[in-house]
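K.L.:
Need a 3D model of the sequence below.
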Amino acid sequence: MTSTPLIVSTNPFDRSDRVGEFPISSADEIADVLNRARDVRREWNALPATARADALYAAAAGLEANKVEVTNLVVREVGKPVVEARGELKRGIDILRYHAGSIMMPSGDTLPGSTVTGIQFTTRRPLGTVAVVTPWNFPVAIPLWKVVPALAWGNAVVLKPSSEAVGVATKLVEILSVYLPAGLLSLAVGGKAVVDRLIDGADGLSFTGSTPVGLALVKKAAERAIPCQTEMGGSNPSVVLADADIPRAVAAVAGSAMAFAGQKCTATGRIIVEAPVYDEVRDRLVEAVERLTVGDPGNDATVTGPVIGEAALAEALDALKQTRGRQLCGGNAAPDTNVLSPTMVEVDGSEHDILLDQEVFAPVAALVRADDPSHAMALASATPYGLSAGLFTANVAAVLQFIRHSEVGMVRVNAPTTGVDFWAPFGGMKASSFGSREQGPAAKDFFTHGVTVFVDA
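P.N.:
Residues are numbered from 1 along each chain as shown. As a prediction, this is how the structure comes out:
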């Protein structure tokens, strides 16, 4: 008898702690999930909008009732510091309530007809069954900011989480499914083969993960002509100009670069500082980073916990070996716990360097000197990615210039590159995103088809 292949999820901070063993979904199981989704989505979409809203409000209450258990699981499975994990659970609950309310909002426009007796309007129809493929770094928030608007707009959903966060995803689906028709929200576990099967049978794909994987999925979705949305990598700059509030900028940049071990797609990876204040900002940043509490993610004081695993730690250490820059602080690894101390590296912006050219998903940031504001803005855009960019200045003209010339989807002024609000559109440019924006009112545009209707009497 052939045993079922398993994914083993392990605590990144304590490798001896097995979070769970999860069977990989077979081809037959994927087919069954997709067939059930097709049947139940018609039932779901036929419900009054108020009934769908009530179900999502109830799901929010259900998640809130289980928030301590889920928070602890997030800390254990992905090593997220507990204070951030609590914040993520709150965000997840708020996302459910936001989209429950959005169901009752207008979904179209009324337009003039081409005849005296005619009327024209637009309405929205759900895609059908949406495959949602998510990463491990926000194991509650990212699945919910995809799954919940998809459900709100009448779709069925199959969630395929990262192998490093299957435990959280399993619990999440278990909690939400209590309040939904059976089969409306399902879980698929596995790797590339599972994703390929889902795309073959789904009516839309929403993905967050690496750029190489995301672009490969875009091609596969295009072969079936299904809507596809991918949020991918980032190498996010924070620019500090000479007139900035330096203490404010340093606090924001240190947090956005090093919190949760830099494992956020919006984390600051490049810190670009105008020459007149470069030395001061460098010294203050090093001091701020060295003060951060590092280690056990279960400790309320911890800011920088472990990276997700041995391979991630090895990749970060390899990047530090390859860089041509001068290490200012950090770089100390504790392999038994996958912890890397927050690391700042001074890099020459006129040369190619791995810390400038690639996304390093770890508590590592490059510090670059800029001659003047124009030079700083040019350095900020010198990357294949275009997700988030921060600017610290008191100069309104500089802000407007930065907004005009930044090649990113999200500009943050006097604020960290991280922490984007869930009710605002989320997405980037260049190699960071493909397809329509996520979150807030933008979610409707992806999870539905627009229909234009003309009626004549």
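K.L.:
now the strands: where do they sit in the stretch 101-250 of the chain?
P.N.:
Assigned by DSSP state E, counting those that start in this stretch, the stretch 101-250 of the chain shows strands spanning 110-112, 118-126, 129-133, 156-160, 185-187, 204-208, 228-231, 236-240.
K.L.:
Partner strands of the first one, with direction?
P.N.:
Read that as strand 110-112. Take DSSP bridges as the rule and strand 110-112 pairs in its sheet with strand 118-126 (antiparallel).
K.L.:
which residues touch the strand it pairs with?
P.N.:
The contact list for strand 118-126 (C-beta atoms under 8 Å, 6 or more residues apart in numbering) reads 41, 45, 107-114, 153-155, 444, 447-457. (C-beta placed from N, C-alpha, C; glycine too.)
K.L.:
quick one: which of the strands of the stretch 101-250 of the chain is nearest S102?
P.N.:
Nearest of the strands of the stretch 101-250 of the chain to S102, taken as C-beta to C-beta: strand 118-126 at 11.7 Å.
K.L.:
What are the buried residues along the closest one?
P.N.:
120, 126 (16 or more other C-beta atoms under 10 Å).
K.L.:
now it against strand 204-208, angle please.
P.N.:
Here strand 118-126 runs at 60 degrees with respect to strand 204-208, directions being taken by axes from the mean of the first three to the mean of the last three C-alpha atoms, to 10 degrees.
K.L.:
Render the CA-only coordinates of strand 118-126 in PDB, please.
P.N.:
Provided in PDB are the C-alpha atoms of strand 118-126 (Å, rounded to 0.1, in the frame of the first residue of the first chain):
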ATOM      1  CA  GLY A 118     -33.600  53.000 -23.300                       C
ATOM      2  CA  ILE A 119     -31.400  52.800 -20.200                       C
ATOM      3  CA  GLN A 120     -27.900  51.500 -19.800                       C
ATOM      4  CA  PHE A 121     -26.100  50.300 -16.800                       C
ATOM      5  CA  THR A 122     -23.100  48.200 -15.600                       C
ATOM      6  CA  THR A 123     -23.200  45.400 -13.200                       C
ATOM      7  CA  ARG A 124     -20.700  42.700 -11.900                       C
ATOM      8  CA  ARG A 125     -20.700  39.000 -12.100                       C
ATOM      9  CA  PRO A 126     -18.400  36.600 -10.100                       C
END
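K.L.:
where's that strand relative to the chain centroid, distance-wise?
P.N.:
Centre-to-centre, strand 118-126 and its host chain are 32 Å apart (C-alpha atoms, centre = their mean, to the nearest Å).
K.L.:
can you pull the contacts of the closest residue to V294 other than its chain neighbours?
P.N.:
Ranked by C-beta to C-beta, 6 or more residues apart in numbering and with sequence neighbours excluded, the top spatial neighbour of V294 is T304, at 4.6 Å. Contacts for T304 (C-beta under 8 Å, 6+ apart) come out as 81, 258-262, 292-295, 339, 341-342, 363.
K.L.:
out of those residues, which are inside strands?
P.N.:
If you go by DSSP state E, the contacts of T304 have V339 in strands.
K.L.:
Just the buried ones from the contacts of T304?
P.N.:
Neighbour counting with 16+ other C-beta under 10 Å marks 81, 258-262, 292, 294-295, 339, 341-342, 363 as buried within these.
K.L.:
Could you dump those residues into JSON lines with pLDDT added?
P.N.:
JSON lines is the format used below for those (pLDDT from 0 to 100):
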{"residue": "P81", "pLDDT": "99"}
{"residue": "M258", "pLDDT": "99"}
{"residue": "A259", "pLDDT": "98"}
{"residue": "F260", "pLDDT": "98"}
{"residue": "A261", "pLDDT": "99"}
{"residue": "G262", "pLDDT": "98"}
{"residue": "L292", "pLDDT": "98"}
{"residue": "V294", "pLDDT": "98"}
{"residue": "G295", "pLDDT": "98"}
{"residue": "V339", "pLDDT": "98"}
{"residue": "S341", "pLDDT": "98"}
{"residue": "P342", "pLDDT": "99"}
{"residue": "P363", "pLDDT": "99"}
